[in-house]
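S.K.: Next one to model:
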Amino acid sequence: MYVTLLVLAALWGAVTGALVPRAAHRLSTEPVDAEDAPGAPDAGEAGEAGEAGEAGEVRGEDEPAEAAPVPPYPSTVLVPLSTSLVCAALAAATGPRPELVAWLLLTPFAVLLVIVDRAVRRLPDRVTLPLAAAAAVLLGGASLLPGARGSWEDALLGGLVLGGCYAVFFVFNPRGLGFGDVKLALSLGVALGWYGWAVLLVGGIMGSALGGVYGVGLMVRRRDRKVLMPLGPFMIVGALVGVLLGALAAR
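M.R.: Next comes the predicted model:
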């Protein structure tokens, strides 16, 4: 049964992962929402008659929103393969417990956010906000079933705590952190909080630490202290590691 679970999880990841690149392309070519991108100018800097784009340019109210440039994406083979491996890893760590359904359903959307944020440095509301709600609902359902090894109450509190921490970071450093990262932290906090406060701490710190190390390396290589970088992928990787560790510890 255990092998069958791994195979089914891997197949789910491969099938859903094959749908991700097209969705990522559509989300990446939507008009830029400046507040979700790190380094976006404040409203006072943009002026009352203009709106800040991702590159910091000001456009008038009568001008159409420009689509963000779309860099090359990972190959159509790499995305399903990566999603499949992540799903299989989650199945291996979690086993046949109710929360595995939540992890498998949330994973393709997490991969989608990684690709979009890496490509255009923003996290769209149409994914981050429903993802937080879906995580809460799915884990709430899992908590009602026998065999669940997490706490729904801790999951909800975890979302509020991690989201609140990132909101504070955003207030003090709006140029280094996009508001989309704050919204993403809600769903990641829910997932991490499911397995307890220790897992929330590990996953939250790891995401920030990975992003910090990468950012420092990028600044050193480019010799520019104002380099913009996507934080979302590192937040998601940190949360994945935390969930895997929490699932293994709960077995």
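S.K.: quick one, helices of this protein?
M.R.: 2-28, 43-46, 78-94, 99-120, 125-143, 152-172, 179-193, 197-222, 232-249 (DSSP state H).
S.K.: Buried residues, the longest one. List them.
M.R.: Yep, that's helix 2-28 we're talking about. 5-6, 9-10, 12-14, 16-18, 20-21, 23-24, 27-28 (16 or more other C-beta atoms under 10 Å). For every residue, glycine as well, the C-beta is placed using N, CA and C.
S.K.: which two in these are spaced the farthest apart?
M.R.: Maximum pairwise distance among the buried residues of helix 2-28 (C-beta to C-beta): 33.7 Å, between Leu5 and Ser28.
S.K.: Mean pLDDT lowest where, among the helices of the chain?
M.R.: Among the helices of the chain, helix 43-46 carries the lowest mean pLDDT, at a mean of 39.
S.K.: just to revisit the earlier point, among the helices of the chain, which is the most enclosed?
M.R.: helix 179-193 (a mean of 29; mean count of other C-beta atoms under 10 Å).
S.K.: check contacts around the closest residue to Gly95 other than its chain neighbours.
M.R.: Counting by C-beta to C-beta, 6 or more residues apart in numbering, Gly95 lies nearest to Arg251, which is 6.1 Å off, once chain neighbours are set aside. Applying C-beta atoms under 8 Å, 6 or more residues apart in numbering to Arg251 gives the contacts Ala93, Thr94, Gly95, Arg149.
S.K.: How much space separates the second one from Gly140?
M.R.: This points to Thr94. 17 Å (C-beta to C-beta, to the nearest Å).
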